[in-house]
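>>> return atomic coordinates for the entry below.
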Amino acid sequence: MQERSGPGVVVAVVGPTATGKSDLAVDLALALGGEIVNADASQLYRGMDVGTAKLAPAERRGVPHHQLDVLDVRQEASVAAYQREARADLAAIAGRSARPVLVGGSGLYVRAALDRLEIPPTDPGVRAAWEARLADVGTAALHARLAEVDPAAAAAILPGNARRVVRALEVIELTGRPFSATLPDGRYAVPAVQLGLTADRELLDRRIDERVERMWAAGLVAEVEALVAQGLREGRTASRALGYSQVLDLLDGRRTDADARADTARGTRRLARRQESWFRRDPRIVWLPSGAPDLLDRALRALDTAVLTAVPAPNSPS
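Predicted coordinates:
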């Protein structure tokens, strides 16, 4: 029988924001003798703690965490760089005979770490031209353009996801190939089991609203003020993160405090729905109810079953 803690098999905890992924990942790492690799794009940034719900050092309960606090807020997050570094971390953890545990809700980063995923080139000039086109005609028109040149990519990208639409058109122009040719094909690059956390929408919305209030109470505005001094406004990725963008508007007088809180909550609820839609398309994910009193036991049982099917037993045909 394949052991639950067999070497090299990555356990990924995925799903929408505010479902308790970070806590379950720590529980699993403690139960399995593991180390955690972050797959939340915003948690890559040093100093972005309150607004990303990053676990404080004490909350990590001694479990080593990787891919946290690796970028300055002025730097742009790169999926290609993340793929290289995260896979190196996963391999190093397995090399120490520990269990790699990947956790996060950034779907493309999860795929980059686990799947056979080609990262296509980028060009700032080409991207800027498509972003200017986006500003002129809007997301719907640009998505329609994508549907003309690459129907498969248009079907895979939500019409309202302007950034992904621009990226797809950029890649098509640079490579002369469909963007869909670079999308994940549903095959793992490393042995893995994905556990997804799900919650009733009404409950999740309430958790999100409560989380936003906790972030404000914990000093999100002061955190953003400190990051502004470190160059947050220069950061193409970090400055657009949920909560941070709204607080920047608050500091600039473009929003009231109440408006910034409300818009952060609305944006986070929309993000949770996009994350749910993204991960639900992956049939490999084993879904578990967030907040179940026996969640860890359920996760371990699911892991036992899933590992048996995900990794060939010794001497079995592959």
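
>>> where in the chain is pLDDT low?
Counting by pLDDT under 70, the chain has low-confidence residues at 1-7, 307-318.

>>> what separation is there between R167 and R281?
As judged by C-beta to C-beta, to the nearest Å, R167 and R281 stand 18 Å apart. Yep, even glycine has a C-beta here, placed from its N, CA and C like the rest.

>>> show residues contacting stretch 128-137.
L142, A162, V165, V166, L169, E170, E173 (C-beta atoms under 8 Å, 6 or more residues apart in numbering).

>>> of R167 and R281, who's got more company?
Remark: of R167 and R281, R167 carries more neighbours, 20 against 11, as counted by other C-beta atoms under 10 Å.

>>> could you pull out the helices in the stretch 1-150 of the chain for me?
Using DSSP state H, counting those that start in this stretch, the helices assigned to the stretch 1-150 of the chain run over residues 21-32, 79-95, 107-114, 124-137, 139-149.

>>> pick the most deeply packed of the ones you listed.
helix 107-114 (a mean of 23; mean count of other C-beta atoms under 10 Å).

>>> and that one, what does it pack against?
For helix 107-114, the packing partners by 3 or more C-beta pairs under 8 Å, 6 or more residues apart in numbering; DSSP states H and E come out as strand 10-14, helix 79-95, strand 99-103, strand 192-198, helix 257-280.

>>> CA atoms of the helix or strand following the last one as PDB?
Put plainly, it is helix 257-280. Remark: after helix 257-280, the chain's next helix or strand is strand 286-289, criterion DSSP states H and E. Presented in PDB, the C-alpha positions along strand 286-289 are these (Å, rounded to 0.1, in the frame of the first residue of the first chain):
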ATOM      1  CA  VAL A 286     -11.100  16.300  -3.900                       C
ATOM      2  CA  TRP A 287     -13.600  18.700  -2.300                       C
ATOM      3  CA  LEU A 288     -14.000  19.000   1.500                       C
ATOM      4  CA  PRO A 289     -16.400  21.200   3.500                       C
END
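
>>> quick one: the helices and strands packed on helix 107-114 as JSON lines, columns for distance to I36 too.
Shown next, in JSON lines, are those (distance: least, C-beta to C-beta, whole Å):
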{"stretch": "strand 10-14", "distance to I36": "9"}
{"stretch": "helix 79-95", "distance to I36": "9"}
{"stretch": "strand 99-103", "distance to I36": "5"}
{"stretch": "strand 192-198", "distance to I36": "14"}
{"stretch": "helix 257-280", "distance to I36": "19"}
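
>>> and which of the contacts of stretch 128-137 is nearest L197?
Using C-beta to C-beta, A162 comes nearest to L197 of the contacts of stretch 128-137, at 27.3 Å.

>>> V224 looks like it's in a helix, true?
Yes: per DSSP: H, G, I helix; E, B strand; the rest coil, V224 lies within a helix segment.

>>> that one and Q43, how far apart?
Using C-beta to C-beta, V224 is found at 16 Å from Q43.

>>> which residue comes closest to R207 once chain neighbours are left out?
Spatially, and ignoring its direct neighbours in sequence, R207 is nearest to A18 (4.4 Å; C-beta to C-beta, 6 or more residues apart in numbering).

>>> again, but for R46
Leaving aside its chain neighbours, R46 sits nearest to D69 (4.4 Å; criterion: C-beta to C-beta, 6+ apart).

>>> can you check H65 too?
The nearest residue in space to H65 (C-beta to C-beta, 6+ apart) is I36, at 4.8 Å.

>>> how many neighbours does that neighbour have?
Counted with other C-beta under 10 Å, residues neighbouring I36 total 28.
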